[in-house]
Every structure is written in structure tokens, then in C-alpha cells.
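Engineer: any chance you can model this:
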Amino acid sequence: MNLNQLFDLSFRNRRDQPALEFLGHTYTFGDIDRRAGRMANILRARGLQKGDRLSVYLPNRLEFIDIYLACIRLGVIFNPINILYRDREITHILHDAEPKAVVSETELPHTTWRPADLLREAETASDTFQPIALDGDTPAAIIYTSGTTGASKGAVLTHNNFAANAINLLTCWQISASDRFLLPLPLFHVHGLGNGVHCWLMSGCQMRLLERFEHAKAAAEFLSFQPTLFFAVPTIYVRLLDVPPEAARAIGTRMRLFVSGSAPLPPHVLEQFRTLYGHTILERYGMSETMMNTGNPYTGERRPGTVGFPMPGVSVRIDETGELWVRGPNVFLGYWRREDATRAAFQDGWFRTGDLATCSEDGYYTLQGRRSDLIISGGFNIYPREIEEFLLEQPDVKEAAVVGVPDPVRGEVPVAYVVTRADSFDPASLEQRCRAALASFKIPRAFVGVPSLPRTALGKVQKHLLPKHQG
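Structural biologist: Predicted structure coming up:
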């Protein structure tokens, strides 16, 4: 079975029912199905076929969903690119994935297709698409996730990976066609795509998709749509603590489930949110390579600071160093054209997550941080090595080290410590150059000049000995 057959449970059985609200318009499942069929015919007419890659560099919009569903029907491998990425990062992904084209509003260093042109062609295309033979092991998407070397690696996720993940969430979180689902997450991220879109289509619920989360409009979105289901990252939940108590209580009255992921949820945020909204956020743990691994129970204790139990069919173990390993139908196929990285990530069918964890006597898992020095800021993964390598390319920088420091809203933010080659130190200039080359969430919050970096006798930087940055 493939994703198309699972999506047809909604496209065929709920054809005339409202499926999606976006920018004030409501579309039925039949509308979404017809749009996907027309887009699939357009992409096929443009030469795309099974196994080709199509990159998409777009914010949340209806065409994003059209193109994704069209790729799923064609067997084309969908490659979403973080809309915050800039030329340096985009160029690496396009060079590595080698897509036939990239769909973008802006001209990129590759064959670029404008979404407006695709939509115009689709207006006269047939919405009937002849299915092609696909099985569950067919690659569906390549999601790029940064590695500790600073070079992004493409995680290949199959139809089976997406299906197993969504089926688990529908079952464990009791998601059904009666839910009203508010999704503020970017679709280029596996959280929004792998969890959000697939749970929506496979359950047949009604979803309101936001272009982006806007703090000032959050309460109004909740009160007007009256959702029962909400997926978000900790940063959003911190912002929702600012909603007036009367509005928060009204929102909580209609809500069934709040879910948090992509970064650790501070226990005090969970407690404050429960007091304000009358709901205990369900925290879970996943990765781009695996989607959902563990989650707190829907029925039972949602323990603050923990990520709960392994999902059905997912096996978890902790090795002698404290690292968490996982195995199951959710685990990706491997890294795109990186056999060396794939071999290093797997052992006897187990995937090493790079996360350190503990398990309580009654089975709750708690993450203790990364084996590497990963920074998670507002739900986005930041690997310091990538920023360090860029800083070291600058002629006035001799040495650089980037660390994460606590932030009350984003969880963590990066701070750069630099040794310059001249007497003068210009942090504003360094920040400007970073902004031109890196995604906004990767820009160091501060640039601290130091005379030298503390190192071991073997030359390894001892980041824990760097002076503490006072935000």
C-alpha cells in the first residue's frame, strides 16, 4: 500500500466535506483531490517521472500541498527546502539532491519553475490522473537535516515511513474526522509535513493552515476556528502564555489536544499553560530521520520534562554511553547518496539518534541533550560547526566557537566566540555577513571577542571553559 491509497480514504469517502481553510477560503476534499490531479498531470507533462527529485522553496501556501500530492502520485521524490535558508545553504541542497527543477517565487541557481506558471497551466489540465505502480518502500521525500560536520544530509523517507508514523499518531492521539485541526507550522519541516499534513489527510479532519504563526493574531485564530487539535513547538507555547486568561479559558473549552515537539518543552511552560488553558500539553520526541519515536500518553500521566514511551512498533534502547538508539517502520531509508554516513548511523538495524537519554523505572524516557553540541532554537536544529566554518572563512577571523545559551522564548540561541586577526573587533560587521549567508535562526545572538579559545593538549576546543555570556 502507498500513501495515495491512504489519502483516498478522505478524497473518495469525504469528497464533499470541508477539508482545508487557508487565507479565508475553504476547500473540500474533492477540491484538494482535483487540484492534485491537475498538478500531477502538469508535472508529468514537464518531464517528471518516478524517482526524479523536485525541490520546493515556498512558504505555507496551497500550491505547496498541490505539488506535494502531485509528487506522491507520480513517484517523484519531494524535497522541501527551509524558506529561511539563503543562497549558500540552498546551493548545497540543490547540488546534492540534483532535482529536475525547483519551484520557487525567486530565481535560484537551478532550473526554476514559478508556482504561478504551474497554476496557470493547471487551469486547463485534466484532473483525472492515471495511478502508477508504487509500493510502500518507494521514496517519498528527502528532508535535509544538518550534520555535525556542517554539511546538510538528505534523509530519505518512504511511503511506509510516513504511513506508519501517521497511523501511530491517529491511533495514539485519537485523531479522527471529527477533529478541527489548527496547524501553524511550516510545511517544509518534517513536523508540519510528516505529522501535520499526513494526519489531516488520513483522518479526514478539517484543517486550518496558517501562513505562519503570528503572536498578535493567535487568540483570534483559535477563537474563530475553534480547533480541537493543535501541533506546535515550545516557542509557540511560550507566546501563547501571553493570551489573556479569559480568552485562554475559552480556547481551552473547545480544545481536545495540544501537542509539542521539535525541541524540549520547559516544565515550567507546561505547568503555566495547564493553569491558563486547562490542558496538559502532550510532549513527544522525534527527528527528521525517524519522525515520531516516543510520546507521552494521551490517556495517563503526561510527565513534565519527559518524552514518554516508545510509539507502537518502535523499539528503543540506551547503550552503555547513554545514547538513544531506535528501530522501527518510522526509521528512514538512509542518507541520500551518503553511504558512509548511512553506515555510520546504523548498527544491526538500529539507528543511533545522537541523543543522550535516561529511562525511569516505569518506562518514561527523558532526553539529556546531544552527544554533539546541537542547539535547538525555536524548533529548528542549529549545528555550531556550520556557523563556525562560515566564520572561519572571514579574513578577519582567526578562530571561532559557537555555543548555545538559554533563552526564555526560543529555548536556546547561538552565541559566537571569535579570535580576530586584527586589534579591532567589529561584531556588527560579522553579524551583517552572517545574515547575508545563513538562515535567520542561525545568526548568533552575540559575537564575543576573546584573546584565545581554551583547548585541550590535542587541540580540541573546550567550549565549557568559554566565558559565560550574559544575555
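Engineer: and the gap between the closest residue to L108 other than its chain neighbours and T91?
Structural biologist: Of all residues not flanking L108 in the chain, V102 sits nearest, at 5.4 Å (CB to CB, 6 or more residues apart in numbering). C-betas here are computed from N, CA, C, even on glycine. V102 sits 11 Å away from T91, taking CB to CB, to the nearest Å as the criterion.
Engineer: do P451 as well
Structural biologist: 35 Å.
Engineer: one more: D31?
Structural biologist: In terms of CB to CB, D31 sits 36 Å off from T91.
Engineer: also I375?
Structural biologist: From I375 to T91 the distance is 23 Å (CB to CB).
Engineer: of those two, which one has the most company?
Structural biologist: Taking neighbours as other CB atoms under 10 Å, I375 and T91 compare with I375 leading, 25 against 14.
Engineer: dump the residue contacts of the nearest residue to the more buried one once chain neighbours are set aside.
Structural biologist: Computed as CB to CB, 6+ apart, the closest residue to I375 that is not its neighbour in sequence is G404, at 3.6 Å. Contact partners of G404, counting by CB atoms under 8 Å, 6 or more residues apart in numbering, are 373, 375-377, 382, 384, 412-415.
Engineer: in the host helix or strand of G404, what's buried?
Structural biologist: Here G404, judged by DSSP states H and E, is contained in strand 397-407. Within strand 397-407, the residues that count as buried by 16 or more other CB atoms under 10 Å are 397, 399-405, 407.
Engineer: next one: it to chain centre, how far?
Structural biologist: Put simply, strand 397-407 sits 24 Å off its chain's centre (CA atoms, centre = their mean, to the nearest Å).
Engineer: confirm the residue nearest to L108 sits in a strand?
Structural biologist: Yes: according to DSSP: H, G, I helix; E, B strand; the rest coil, the state of V102 is that of a strand.
Engineer: what about it, distance to C71?
Structural biologist: In terms of CB to CB, V102 sits 13 Å off from C71.
Engineer: overlap in contacts, the two.
Structural biologist: Common neighbours of V102 and C71 (CB under 8 Å, 6+ apart) are L54.
Engineer: pLDDT weak spots in this structure?
Structural biologist: 146-150, 456-460, 471 (pLDDT under 70).
Engineer: touching, P244 and L223? I think so.
Structural biologist: No: if you go by CB atoms under 8 Å, P244 and L223 don't touch, sitting 11.2 Å apart.
Engineer: which residues in the stretch 301-450 of the chain form helices?
Structural biologist: Assigned by DSSP state H, counting those that start in this stretch, the stretch 301-450 of the chain shows helices spanning 339-345, 384-392, 427-437.
Engineer: most tightly packed of the ones you listed?
Structural biologist: Neighbour counts (mean count of other CB atoms under 10 Å) averaged over each of these peak at helix 384-392, with a mean of 20.
Engineer: can you tell me, leaving aside adjacent residues, what's nearest to A357?
Structural biologist: L324 (4.3 Å).
Engineer: likewise I251?
Structural biologist: F222 (4.4 Å).
Engineer: got the phi/psi numbers for the one you found?
Structural biologist: phi -60, psi -50 (degrees, to the nearest 10).
Engineer: what's the neighbour count on it?
Structural biologist: 23.
Engineer: ok so, going back, between P244 and L223, which is the more surrounded one?
Structural biologist: Higher neighbour count among P244 and L223: L223, with 14 against 10, using other CB under 10 Å.
Engineer: quick one, what contacts T28?
Structural biologist: Applying CB under 8 Å, 6+ apart, the residues contacting T28 are 15-19.
Engineer: mind running it again at 10 Å?
Structural biologist: T28 makes contact with 11, 14-20, 34, 206, according to CB atoms under 10 Å, 6 or more residues apart in numbering.
Engineer: among those, name the buried ones.
Structural biologist: By 16+ other CB under 10 Å, these give 11, 14, 19-20, 34, 206 as buried.
Engineer: I'd say L374 and G411 touch.
Structural biologist: No: with contact defined as CB atoms under 10 Å, L374 does not reach G411; the gap is 11.6 Å.
Engineer: compare these two (neighbour count), which wins?
Structural biologist: Per other CB under 10 Å, whichever of L374 and G411 has more neighbours is G411, with 24 against 18.
Engineer: in the sheet, who's paired with that one?
Structural biologist: Beta bridges link G411 to D407, judged by DSSP bridges.
Engineer: nearest residue to the middle of the protein?
Structural biologist: By CA atoms, centre = their mean, the chain has its centre lying nearest to H189, at 2.9 Å.
Engineer: that residue touches L183, doesn't it?
Structural biologist: No: counting by CB under 10 Å, H189 stays clear of L183, with 11.2 Å between them.
Engineer: what do the two both touch?
Structural biologist: When contacts are counted by CB under 10 Å, 6+ apart, H189 and L183 are jointly contacted by 195-196.
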